[in-house]
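**Student:** give the three-dimensional model of this entry:
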Amino acid sequence: MGVNVLNVLALAVDTAMLARVDAAEDALTGLGFATQLVFLLMVAMMGLVVGSVAFSARAYGAKDMHRVEHVLVQATTLTVIVSALVAVFGNALAGPLLVLLGAEGASYTAAIDYLRPLLTGVVFNYLTILFGAVLRATGDTKTPFRVAFVMNGLNFAFNYGLILGNYGLPEMGIQGAAIGTVMAQAVASGLLIWLLRRGVIDGVTLPLALRRIDVPLARKLWRVGLPAALDMVVLNAGFLAIVGMLGRVDPLAVAAHGVGLRIQALAFVPGLSISQATGAMVGNALGAGDVDEARAVTRAGVAMCTAVMTTLSILIIVGVDPIVMLFDIEPASSLGAYSAEWMILLGACMPFVGPYIALVGCFRGAGATRLALRINTWTTFAIQIPGSWLLGFPLALGAWGVWAAFPLSFLAKALWAAIDYRRGSWAVTGTDARG
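**Tutor:** Numbers count the residues shown, from 1 in each chain. Predicted coordinates for the structure are as follows:
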């Protein structure tokens with residue numbers, strides 16, 4: 001949970017700093033567009049991470065440390081390849097994709113200024129994500145937390161200088177936010193490589209030289225990870241559709257959406273952390289052949305997620321105005337009103353998010369990633385996107401209507417995931433991650 005809070009806090013700090021620059025609304029709007037593209041371009045990496053966690057957790061549960069090391073080495077090589085592809089094609093396609101989303105003028109320029117450095121140095125971000133995930137799969141959450149703490153402090157220091165022009169550094173605005181973030185990620189990935197080479201996982205080391213790809217293992221990683229990657233594509237399709245619709249309602253609604261996403265990311269951290277822990281522990285249990293233990297872990301995860309997310313839902317709805325003011329936004333302004341609307345709707349959906357993401361953690365830990373993909377695909381394209389369009393435009397509810405379909409889709413996801421869990425196919429048709 002601490003790792004995820006720190007990672008999300010870095011984005012929130014960037015947003016708060018950018019709210020204090022000249023032409024802040026253009027910067028925040030550009031950041032809102034750019035953030036959606038960053039999430040979209042991360043899909044292949046997230047699929048690789050999910051596959052790596054499932055395989056390394058199973059191997060660790062079976063006490064096969066040679067297998068854990070092999071998965072780590074192969075995943076590292078694949079991560080470098082994926083990073084190079086994202087850097088090249090992401091930079092090439094960033095402009096057309098931003099136009100497709102509706103970015104124009106100063107907000108388009110701000111989004112491009114943010115994306116170029118971030119995509120060029122994306123390998124540092126991806127390696128940090130991968131190494132933290134593999135450590136989590138082996139039960140070590142303290143090491144990623146310590147590294148994330150260092151990274152977050154550096155991100156604050158670098159961005160305080162480069163965004164606002166402190167320490168005698170040039171005032172670079174939104175471009176400085178991206179450069180400072182990449183610098184912090186580079187240090188974090190270097191620290192994790194050093195720690196892995198020093199044996200932070202007993203019996204496992206990470207060679208500096210990239211290894212020849214183990215094609216059969218790579219296929220298995222992608223077979224498990226591809227549905228998770230497609231799941232993220234679907235999730236981002238839903239968000240991109242929202243951004244596109246909001247851009248046609250009012251560009252300020254896009255800026256509010258970006259601010260709300262920072263709060264969403266922070267608010268979802270406890271639930272996502274429990275989900276990640278659930279996935280790792282389910283993988284360990286299945287690796288040891290103990291299905292009953294996997295079920296016990298899942299039940300505890302669902303109970304914890306639901307309780308925590310419901311509590312946070314109440315806090316967000318009650319404290320929406322003070323939260324908006326944290327970003328130096330006046331609640332009575334148009335941007336403040338939009339931000340409050342979005343945050344209240346986010347709060348309304350969180351009691352449904354809790355059980356859903358806990359069950360997704362179980363499915364992914366078991367390697368049954370197709371279950372989560374099927375649920376997300378149907379609810380996004382049958383409920384969320386059509387619902388946003390219907391409420392926002394034919395029913396003329398504007399930005400509120402576009403956002404209102406979000407909690408409805410999560411209610412459907414939670415119900416469907418519960419049905420699939422009770423069927424039990426995830427425990428029977430998981431992957432051959434031990435092979």
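**Student:** make it CA atoms for all contacts and neighbour counts henceforth
**Tutor:** Fine.
**Student:** can you map out the strands along the stretch 201-350 of the chain?
**Tutor:** Per DSSP state E, counting those that start in this stretch, the stretch 201-350 of the chain carries no strands over any range.
**Student:** what comes up buried for stretch 89-101?
**Tutor:** For stretch 89-101, the buried set under the neighbour-count rule, 16 or more other Cα atoms under 10 Å, comprises 90-91, 94-95, 98, 101.
**Student:** which residues sit against it?
**Tutor:** Stretch 89-101 is contacted by residues 33-34, 37, 41, 108, 111-112, 115-116, 119-120, 240, 243-244, 247 when judged by Cα atoms under 8 Å, 6 or more residues apart in numbering.
**Student:** in the stretch 51-200 of the chain, what residue spans correspond to helices?
**Tutor:** With DSSP state H, counting those that start in this stretch, the ranges of helices along the stretch 51-200 of the chain come out as 65-101, 105-120, 122-137, 142-164, 174-197.
**Student:** now those as JSON lines including distance to Pro216 and mean pLDDT?
**Tutor:** Formatted as JSON lines, the helices of the stretch 51-200 of the chain follow (distance: least, Cα to Cα, whole Å; pLDDT from 0 to 100):
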{"stretch": "helix 65-101", "distance to Pro216": "11", "mean pLDDT": "91"}
{"stretch": "helix 105-120", "distance to Pro216": "29", "mean pLDDT": "89"}
{"stretch": "helix 122-137", "distance to Pro216": "20", "mean pLDDT": "93"}
{"stretch": "helix 142-164", "distance to Pro216": "29", "mean pLDDT": "90"}
{"stretch": "helix 174-197", "distance to Pro216": "25", "mean pLDDT": "92"}
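**Student:** now those in JSON lines, with distance to Pro351?
**Tutor:** Converted to JSON lines, the helices of the stretch 51-200 of the chain look like this (distance: least, Cα to Cα, whole Å):
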{"stretch": "helix 65-101", "distance to Pro351": "30"}
{"stretch": "helix 105-120", "distance to Pro351": "33"}
{"stretch": "helix 122-137", "distance to Pro351": "26"}
{"stretch": "helix 142-164", "distance to Pro351": "27"}
{"stretch": "helix 174-197", "distance to Pro351": "32"}
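**Student:** which one of those lies closest to Gly354?
**Tutor:** In terms of Cα to Cα, the element of these nearest to Gly354 is helix 122-137, at 20.4 Å.
**Student:** and the closest one, how far from the chain's centre?
**Tutor:** 12 Å (Cα atoms, centre = their mean, to the nearest Å).
**Student:** elements contacting that helix?
**Tutor:** helix 43-61, helix 65-101, helix 142-164, helix 174-197, helix 251-287 (3 or more Cα pairs under 8 Å, 6 or more residues apart in numbering; DSSP states H and E).
**Student:** quick one: the third one to helix 174-197, angle?
**Tutor:** The reference is to helix 142-164. Going by axes from the mean of the first three to the mean of the last three Cα atoms, to 10 degrees, helix 142-164 is angled at 160 degrees with respect to helix 174-197.
**Student:** so which elements touch helix 142-164?
**Tutor:** Packing contacts for helix 142-164, counted by 3+ Cα pairs under 8 Å, 6+ apart, involve helix 2-18, helix 122-137, helix 174-197.
**Student:** buried set for that helix?
**Tutor:** Buried residues in helix 142-164 (16+ other Cα under 10 Å): 143-145, 147-152, 154-164.
**Student:** isn't Pro144 right up against Gly132?
**Tutor:** Yes. If you go by Cα atoms under 8 Å, Pro144 and Gly132 touch, sitting 5.2 Å apart.
**Student:** neighbours of Asp292, how many?
**Tutor:** For Asp292, the count of nearby residues is 13 (other Cα atoms under 10 Å).
**Student:** pLDDT (mean, whole number) over whichever strand or helix holds Gly354?
**Tutor:** Counting by DSSP states H and E, the element that carries Gly354 is helix 334-366. For helix 334-366, mean pLDDT is 92.
**Student:** nearest residue to the most centrally placed residue in the chain in space, please, no chain neighbours.
**Tutor:** Nearest to the mean C-alpha position of the chain, by Cα atoms, centre = their mean, lies Phe39 at 7.1 Å. Nearest non-adjacent residue to Phe39, counting by Cα to Cα, 6 or more residues apart in numbering: Asn236, 6.9 Å away.
**Student:** coming back round to it: of all the helices of the stretch 51-200 of the chain, which one comes closest to Ala54?
**Tutor:** The minimum distance between Ala54 and the helices of the stretch 51-200 of the chain falls on helix 122-137, with 7.7 Å, by Cα to Cα.
**Student:** in the closest one, what counts as buried?
**Tutor:** Across helix 122-137, burial judged by 16+ other Cα under 10 Å covers 122-137.
**Student:** likewise for stretch 406-425?
**Tutor:** Under the neighbour-count criterion of 16+ other Cα under 10 Å, stretch 406-425 has 406-414, 416-417, 420-421 buried.
**Student:** one step back: out of the buried residues of stretch 89-101, the closest to Lys220 would be?
**Tutor:** Nearest to Lys220, judged by Cα to Cα, of the buried residues of stretch 89-101 is Gly90 at 25.9 Å.
**Student:** closest to Ile375 out of the helices of the stretch 51-200 of the chain?
**Tutor:** helix 122-137 (23.9 Å).
**Student:** how near is the residue of the chain positioned farthest from its centre to Val182?
**Tutor:** Here the chain reaches farthest from its C-alpha mean at Gly168, the gap being 33.7 Å by Cα atoms, centre = their mean. As judged by Cα to Cα, to the nearest Å, Gly168 and Val182 stand 20 Å apart.
**Student:** okay, helices next: where are they in the stretch 301-435 of the chain?
**Tutor:** Under DSSP H, counting those that start in this stretch, the stretch 301-435 of the chain gives helices at 320-325, 334-366, 369-379, 385-392, 398-423, 425-428.
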